[in-house]
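>>> Sequence and predicted structure are below.
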Amino acid sequence: MITASDKFLFQCKAISKSFPGVKANEDISLSVEKSQIHALLGENGAGKSTLVKIFYGLLQPDKGEMLLEDFQYQPKNPKNARSSGIGMVFQHFSLFEPLTVLENVLLGLDLQVNKTEVEQNVSKLSEVYGLEIKLSSFIGDLSAGERQRVEIIRALLQEPKLLIMDEPTSVLTPFEAENLFSTLRKLSDNGTSILYISHKLQEIAELCDTATVLRKGEVIGEYDPKLMSPKELGEIMVGQPLTTPNRPETEKRKEKLFSFSAEKVESETQFGVTLKNIDFEVSTSEILGIGGVAGNGQDELMQLLIGERIQNGVFIHFKNNDISQLNPRKRRGLGIAFGPEERLGHAAVSQLSLLENSLVTDPKNKFTDYSGFIKFETLHDYTKGVIEKFNVKTTGVKAVAGSLSGGNLQKFVVGREIEQRPILFIVNQPTWGVDALSATNIRESLVALANKGAGIILISQDLDELLEISNKVAFLSEGTLSKPIDTEEAVISEIGAIMGGLTEKEAI
Amino acid sequence: MDFSEINIPILIASLIVTATPLILAALGELIAEKSGVLNLGVEGMMIIGAVSGFIIGVETGSALLGIIGSAVGGALLSFLFAFIVLVMKANQVASGLALTIFGLGIAALLGHPYTGIAPPQFQSFSLPVLEDIPIIGVMFFQHDFVVYFSILASIATWYFLKYSRRGLVLRSIGENHDVAHSLGYKVIATRFGSILFGGALAGLGGGYLSLVRVPQWTEGMTAGAGWIALALVVFSGWHPFRLILGAYIFGGITILQLNLQAIGVNINIAILSMAPYLATIIALVIISVSRIQGNKGAPGSLGVSFVKVT
């Protein structure tokens, strides 16, 4: 039996929850203080999501009890949870794309409500917390950051005492994330407690008052993130020391492998970025990092690199051959591998199994015999190898891609490409949404690939990642790429100056 | 050949009568599809409505009870469909097709003894004063109550979907049932209700055919009206008013080609008979291609079974 306390808003004790074959939560207890920003930290699959789903009434615990303020709390469904004062913002937005912001907000409210009243409340909230949004716009037209604002507004309209945020920054640009943090800080100043789920250590150190660490479904302990370095916290989270991979060795870098040059490429879409003056080369055994805030031309550049868009005036050379006019499959056939950012629908087919997803990007028909039939054994071994080597958590090779969590699918996609042993690997955000240990694994395998002689173009928003493993780094800003500089010799202040000069408008 | 034999006010009046069963059936299907269920059994539910309405009408001697019976009959058959696709999670396309075949068969069996019997007369429900307006009165205000009901039901459906909270919830379930479920809305219950509503309206449309429009029972008398209703829903872009427009175009050309046949126009009868289908499809394709604002196509979860995930 837990006892009520003035200090705590929400307490849970000895929560356990099992699914067939998995113990998702085992004897979990935690307490959230009033106005506290409380981090729930853990790797992918540590049981964070299951736990908060229990808090939000989406799942029922097998054992354990919860206390909200002075009362026993047993939500049967999300409606119960909301009316008791617990709101939640999901990692994957629960919004209806064809409906307007207002309609989505109304759907999130339980009571028969007056439209004009809602409109007034929304504009009040927007002002206080800096959540600007136009009520008549359709969700489908909004960016990830704006969609999250709609979710937050919807949760706040219920005046929750505890707001649960499930990996909120995984879909945001750094700038949008900063905005989110200031909103959350204002909320906590006004008395709302926040349970913040994440595996990003820097942001937890920046934002949270305390952090409960989960590992394999159990509580490891509660720590003060302000008193610890992100690395220490990360090691507690993964339960083993985290290493920093070295850059690929310089002496192997001699041959020119790949070059890209384009003076001006107009955007094809209304909200796209026009690329200007992009010029770079990649040598063997070299990692070229391309940094910059998302939405500054990364997607457009990636399309040209992959060959999804073939454009006159873009000159691409690979091993001294002009490949500017080749389609993606032909480029793959030459030994170039691609890892686009969007996992589902771009890098993997949601409804197909992992086996089939390995097959579709096989450039040299390694998995088919001369008459075109699939060599299932080879394909099976290959896929299984990727799953094991990259620590992909899945039910097996026959699991459909859509059933994997985002981070695990990312590991699979990157692994699938690396295991093809490409001569050149072009990858966008390889560690996006991936937990610390797996991110390290992915970076290590990128470096290993480069050390074997491959060139790598690494597009990333993570500056630490770029500085850690790339030999050269350049930054994209509003469609223009800065001159690549050597990271080994570069001084941080120099990079800061480039980024600062480039991103003044973004105010990072 | 004498075109003056075609009486325009009567033609308009009869096109409205011809279109009414289509409007009813399509409106019911529209609600079901907006909630995310694709019910291809409209034809089957219509014919069941036609036969059950006819039998009840003949046995009780009351046309009104007959009309009510037709709605009940359609709803009963749709209950079967709802159970199969919502509870048993069967494929909606296959189940809907089976429902049509089943409905046609059982209607033929039940209706056999009633072939050639005249049903009780349906009271026309003229609107006082308005019915006396010359020409317009004949065209619009001397119909039976089902005609007015079909128009009122369209307006009510539009208003319900656009302005009511329940309508919004229904649409949200049709757009993305997983999200709606995570918000705590009852996906299965809402869809059950929508299917039953669709079945009742389709049955009503069928009953209107056998009790008012024809009025007689013949086997297979719906003659593809259910399929036209289904097409109307899609091409109208799931909008009740465009759906009425489509139904009236279909009804109008049906009546016109019958009139043309009667006065002996020199066009092949086969071509005249297919004209309404062709014209309706062409008109609706034009409507649906010229994307009017707010016309966003099919509901996102249409035809997908809802299975709870944890």
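The structure has been received and is ready for your questions. Numbering: from 1, shown residues only, chains lettered A, B, ... in the order given.
>>> Flag every residue of chain A that's near chain B.
Residues of chain A lying close to chain B (CB under 8 Å from any CB of the partner chain) are A:19, A:58-59, A:77-79, A:82, A:90, A:94-99, A:103, A:106-108, A:110, A:112. Bear in mind the C-beta positions are built from the backbone N, C-alpha and C, glycine included.
>>> Filter those down to the buried ones, ChimeraX style.
Selection of the buried residues among the residues of chain A next to chain B in ChimeraX, burial being defined by 16 or more other CB atoms under 10 Å in any protein chain shown:
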select /A:58,59,78,82,90,94,95,96,97,98,99,103,106,107,108
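>>> Let's see which of the residues of chain A next to chain B end up in strands.
A:Phe19 (DSSP state E).
>>> distance between stretch A:10-26 and the chain's centre?
Relative to the centre of its chain, stretch A:10-26 is centred 25 Å away, using CA atoms, centre = their mean, to the nearest Å.
>>> A strand includes A:Ser261, no?
Yes: under DSSP: H, G, I helix; E, B strand; the rest coil, A:Ser261 falls within a strand.
>>> Helix, strand, or coil at the residue nearest to the spatial centre of chain A?
In chain A, the residue lying closest to the centroid (CA atoms, centre = their mean) is A:Gly433, at 2.9 Å. With three-state DSSP as the basis, A:Gly433 sits in coil.
>>> That one contacts A:Gly407, correct?
Yes: using CB atoms under 8 Å, A:Gly433 is in contact with A:Gly407, at 4.9 Å.
>>> returning to that earlier point: list the contacts for the residue nearest to the centre of chain A?
For A:Gly433, the contacting residues are A:Glu167, A:Ser170, A:Gly406, A:Gly407, A:Gln410, by CB atoms under 8 Å, 6 or more residues apart in numbering or on different chains.
>>> Kindly list the main-chain dihedrals of it?
phi 80, psi 10 (degrees, to the nearest 10).
>>> what does the stretch 101-250 of chain B put close to chain A?
B:165, B:168-169, B:171-172, B:175-176, B:178-180, B:182-185.
>>> The same query, at a cut-off of 10 Å, please.
Contacts of the stretch 101-250 of chain B with chain A, taken as CB under 10 Å from any CB of the partner chain, map to B:163, B:165-166, B:168-169, B:171-176, B:178-185.
>>> show me where the stretch 51-200 of chain B has helices.
B:63-82, B:92-111, B:136-140, B:145-163, B:165-175, B:177-182, B:187-208 (DSSP state H, counting those that start in this stretch).
>>> and B:Tyr248, which of those is closest to it?
Set against B:Tyr248 and scored by CB to CB, those come closest in helix B:145-163, at 10.7 Å.
>>> Just the buried residues of stretch B:244-258, please?
B:244-257.
>>> go on, stretch A:353-369?
A:Ser353, A:Leu354, A:Leu355, A:Glu356, A:Asn357, A:Ser358, A:Leu359, A:Thr361, A:Asp362, A:Pro363, A:Phe367.
>>> swap in stretch A:22-36?
A:Lys23, A:Ala24, A:Asn25, A:Glu26, A:Ile28, A:Leu30, A:Ser31, A:Val32, A:Glu33, A:Lys34, A:Ser35, A:Gln36.
>>> Closest to chain B out of those residues?
Closest to chain B out of these is A:Ala24 (10.0 Å), distances taken as CB to the nearest CB.
>>> Chain neighbours aside, what residue packs nearest to that closest one?
Counting by CB to CB, 6 or more residues apart in numbering or on different chains, A:Ala24 lies nearest to A:Thr50, which is 4.0 Å off, once chain neighbours are set aside.
>>> quick one, phi psi at A:Glu218?
phi -120, psi 150.
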